[in-house]
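1. Here is a sequence with its predicted model. Questions after.
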Amino acid sequence: MKPTIKDLMSLLETIAPSNISEEWDNPGLQVGSLTQGIDKIMLSLDPTVEAVREAARKKAQVLLAHHPLLFKPVSCLDLDKYPGNVIHESLNGGVSIIAVHTNLDGAADGINHILAELLSLGDAEPLQRIPQYPAGGLGRLGFLDEHMAVDVLAEKLKTMLSAEKVRIIGSTDSPARRIAVMGGAGGSMIWKASEMGADVFITGDVTYHQALEAKALGLIVIDAGHFCTERTAFIHFADKLKHLFQQARFAVEVEVYRGERDPFLYK
């Protein structure tokens with residue numbers, strides 16, 4: 001069966017319900033038509049001009065991104081500037097753009113569940129529950145099979161996430177077993193991770209003042225970067241999506257955009 005974008009949106013809703021997204025977020029269809037038929041989609045963490053061009057080159061009808069292209073109404077569509085240039089490229093290339101963002105972060109089998117799986121965390125549970133969605137929640141909290149020194153855990157993370165560097169707040173030789181994880185920018189959850197008894201909190205985009213908060217709480221934090229924590233999990237989400245398409249008998253090919261890079265350079 002060749003589905004339409006409307007069919008794809010309905011399937012995504014069963015995985016990552018839009019009603020669990022944050023109030024400031026804007027997941028869903030960003031550019032395109034619900035009636036468009038699809039037989040190939042490309043996944044990219046960000047809906048960039050380069051990602052849209054690659055999707056068009058590979059004859060994908062949809063770019064499924066984690067981060068939305070549009071967060072607020074656009075009062076002027078300048079085709080030479082972001083986001084107008086992305087929209088222009090999308091329409092020219094016949095590539096619709098869909099985003100699954102904080103609704104995928106909090107989903108039962110979403111970004112944070114995948115990170116917990118990659119870390120082999122036992123008895124993993126949400127770091128913070130979503131009242132209207134008992135199946136999932138924000139972040140995950142679980143146990144390593146055995147205690148691991150923080151510096152060893154950091155090296156494991158660098159390999160797992162293809163991260164060039166990580167930042168650590170706290171002692172690097174402390175033994176850790178109870179691990180909290182939240183993909184993307186999770187600095188605001190430092191207090192929650194400490195309250196839940198985590199030895200280490202793994203996340204990205206920790207600010208200076210959030211680092212001071214962690215230090216004051218005695219919580220070790222590993223900042224592995226926004227890009228690396230989310231992109232790794234999103235690539236694995238592509239495999240879950242393939243399985244769901246097979247179950248739904250959707251004849252859709254799934255490909256990951258491999259040209260994406262962390263916008264930060266490390267020297």
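-> Yep, that arrived. Since we're looking at a predicted model, the values are computed, not measured.

2. how about the helices in the stretch 51-200 of the chain?
-> Secondary structure of the stretch 51-200 of the chain by DSSP state H, counting those that start in this stretch: the helices cover 84-93, 102-105, 111-118, 150-161, 190-195.

3. Please, which helix or strand holds the residue positioned nearest the centre of the chain?
-> Residue closest to the average C-alpha location in the chain (CA atoms, centre = their mean): Glu230, at 3.8 Å. Following DSSP states H and E, one finds Glu230 within helix 226-248.

4. if we look at that helix, which residues are touching it?
-> Helix 226-248 has contacts (CB atoms under 8 Å, 6 or more residues apart in numbering) with 1, 3, 11, 15, 43, 45, 64, 66, 104, 109-112, 114-115, 117-118, 160-163, 181-185, 202-205, 252, 254-256, 260, 262-264. Quick note: C-beta positions are derived from backbone N, CA and C, even for glycine.

5. next SSE after that helix?
-> By DSSP H and E, the next helix or strand past helix 226-248 is strand 253-256.

6. Report the buried residues of that following strand.
-> Buried residues in strand 253-256, counted by 16 or more other CB atoms under 10 Å: Val254, Val256.

7. what do you get for stretch 216-233?
-> 217, 219-233.

8. repeat for stretch 95-104
-> Val95, Ser96, Ile97, Ile98, Ala99, Val100, His101, Thr102, Asn103, Leu104.

9. do the same with stretch 232-251
-> In stretch 232-251, counting by 16+ other CB under 10 Å, buried: Thr232, Ala233, Phe234, Ile235, His236, Phe237, Leu241, Leu244, Phe245, Phe250.

10. Repeat that for stretch 253-267.
-> Val254, Val256, Tyr257, Glu260.

11. pLDDT weak spots in the protein?
-> For the chain, no stretch is flagged by pLDDT under 70.

12. residue ranges of the strands in it, please?
-> In the chain, the segments counted as strands under DSSP state E are 28-31, 40-44, 62-65, 96-99, 122-125, 128-130, 133-138, 140-149, 167-169, 175-185, 200-204, 220-223, 253-256.

13. a markdown table please, covering the ones you listed and showing distance to Cys76.
-> Below are those laid out as a markdown table (distance: least, CB to CB, whole Å):
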| stretch | distance to Cys76 |
| --- | --- |
| strand 28-31 | 16 |
| strand 40-44 | 25 |
| strand 62-65 | 22 |
| strand 96-99 | 19 |
| strand 122-125 | 45 |
| strand 128-130 | 36 |
| strand 133-138 | 34 |
| strand 140-149 | 41 |
| strand 167-169 | 38 |
| strand 175-185 | 28 |
| strand 200-204 | 32 |
| strand 220-223 | 36 |
| strand 253-256 | 33 |
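
14. who wins for proximity to Leu79 among these?
-> For Leu79, the closest of those is strand 28-31, at 12.9 Å, according to CB to CB.

15. Against which helices or strands is that closest one packed?
-> On a contact count with 3 or more CB pairs under 8 Å, 6 or more residues apart in numbering; DSSP states H and E, strand 28-31 meets helix 5-15, helix 84-93, strand 96-99.

16. Most tightly packed of these?
-> strand 96-99 (a mean of 24; mean count of other CB atoms under 10 Å).

17. tell me what that one is packed against?
-> helix 5-15, strand 28-31, strand 62-65, helix 84-93.

18. among these, which is nearest Ala198?
-> For the helices and strands packed on strand 96-99, the distance to Ala198 is smallest for helix 5-15, at 26.7 Å, taking CB to CB.

19. JSON lines for the helices and strands packed on strand 28-31, including distance to Met189?
-> JSON lines is the format used below for those (distance: least, CB to CB, whole Å):
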{"stretch": "helix 5-15", "distance to Met189": "23"}
{"stretch": "helix 84-93", "distance to Met189": "30"}
{"stretch": "strand 96-99", "distance to Met189": "22"}
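
20. looking at the strands of the chain, which is closest to Asp80?
-> Closest approach to Asp80 among the strands of the chain is made by strand 28-31 (16.9 Å; CB to CB).

21. follow-up on the earlier one: now distance to Pro134 too, for the helices and strands packed on strand 96-99, in a markdown table please.
-> Output for the helices and strands packed on strand 96-99, formatted as a markdown table (distance: least, CB to CB, whole Å):
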| stretch | distance to Pro134 |
| --- | --- |
| helix 5-15 | 16 |
| strand 28-31 | 23 |
| strand 62-65 | 26 |
| helix 84-93 | 36 |
